[in-house]
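# Using only what follows, build the 3D model:
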Amino acid sequence: MALQCLVFDCDGVILDSVPVKTRAFARLAQPFGDEARDRFVMYHTVHGGVSRYKKFQWFFREVLGREISAEESADWGRRFAEYALDEVRRCPLIPGVADVLETWRGRLPLYVCSGAPAEELRMVLRERGLERYFTGIYGSPPAKALLLAEIVRVAGVLPEHVLMVGDAVTDRDAAESVGTLFYGVGAELKGGDFPWGADLAGLSTWIAARV
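Prediction:
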């Protein structure tokens, strides 16, 4: 099937920002002790691509033993952005992504599908000069599978003509749920039954063989 649309996660696929955000989660949990911090970081690492607000809910429920209030959720969201955003604005791009965006802009519609809050996501990509590459930029809420399904609908193509590029199990599961193709990036997804690269250096060649 010829590819007709490309969809990219952001953290770990476009921006090398996963370590930045891991540090921000650790900093939020540190006042509750090293064990709480380590549990939170592990949960975050295993659930890449999930909204940070869902992760806050998990931490309060599973680590602190109570539900998070709306005020606490908003406060943690504000502090997370404060801890992470300056670094995200300056962090490197994932190797190969600049070439992919330059090569395929104007040839295929390009979208972003991220678990980061939509407004923050658009702001960061705009400030990084990357917004211009994308037909649409989609962030949470809702969950990633729903975002990807909406992108497929808006693009007006069949799911099997769409490639989702992601670095987390959440991305792979979204692609499987919606019925798109999937290309895995980074160590977490190595060894799966899908095309994979340590970064995006080989992605343009892979796409070129399928358009």
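
# Name the next helix or strand following the longest helix seen in the chain along the chain.
The residue-count maximum for a helix in the chain (DSSP state H) belongs to helix 70-90. Remark: after helix 70-90, the chain's next helix or strand is helix 97-104, criterion DSSP states H and E.

# pull the CA atoms of that next one into CSV?
C-alpha atoms of helix 97-104 as CSV (Å, rounded to 0.1, in the frame of the first residue of the first chain):
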residue,chain,number,x,y,z
VAL,A,97,14.1,14.2,11.7
ALA,A,98,15.2,17.4,10.0
ASP,A,99,15.9,15.5,6.8
VAL,A,100,12.6,13.7,7.0
LEU,A,101,10.6,16.9,7.4
GLU,A,102,12.5,18.7,4.7
THR,A,103,12.2,15.8,2.3
TRP,A,104,8.5,15.0,2.7
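
# just checking, what packs against the longest helix of the chain?
Counting contacts by 3 or more C-beta pairs under 8 Å, 6 or more residues apart in numbering; DSSP states H and E, helix 70-90 is packed against helix 18-29, helix 52-58, helix 118-127. From N, CA and C alone the C-beta is placed, and that goes for glycine too.

# Residue ranges in the protein under the pLDDT threshold?
Within the chain, the stretches with pLDDT under 70 are 1.

# Tell me which residues are up against the longest helix of the chain.
Applying C-beta atoms under 8 Å, 6 or more residues apart in numbering, the contact partners of helix 70-90 are 15, 17, 20-21, 23-25, 27-28, 52-53, 56-57, 60, 68, 117, 120, 124, 127-128.

# go again using 6 Å as the cut-off
Residues outside helix 70-90 that contact it (C-beta atoms under 6 Å, 6 or more residues apart in numbering): 17, 20-21, 24, 27-28, 52-53, 56, 124, 127.

# Name only those of the residues you listed that count as buried.
17, 20-21, 24, 28, 52-53, 56, 124 (16 or more other C-beta atoms under 10 Å).

# Please name the bridge partners of Val112.
Applying DSSP bridges to Val112 gives these bridge partners: Phe8, Ile137.
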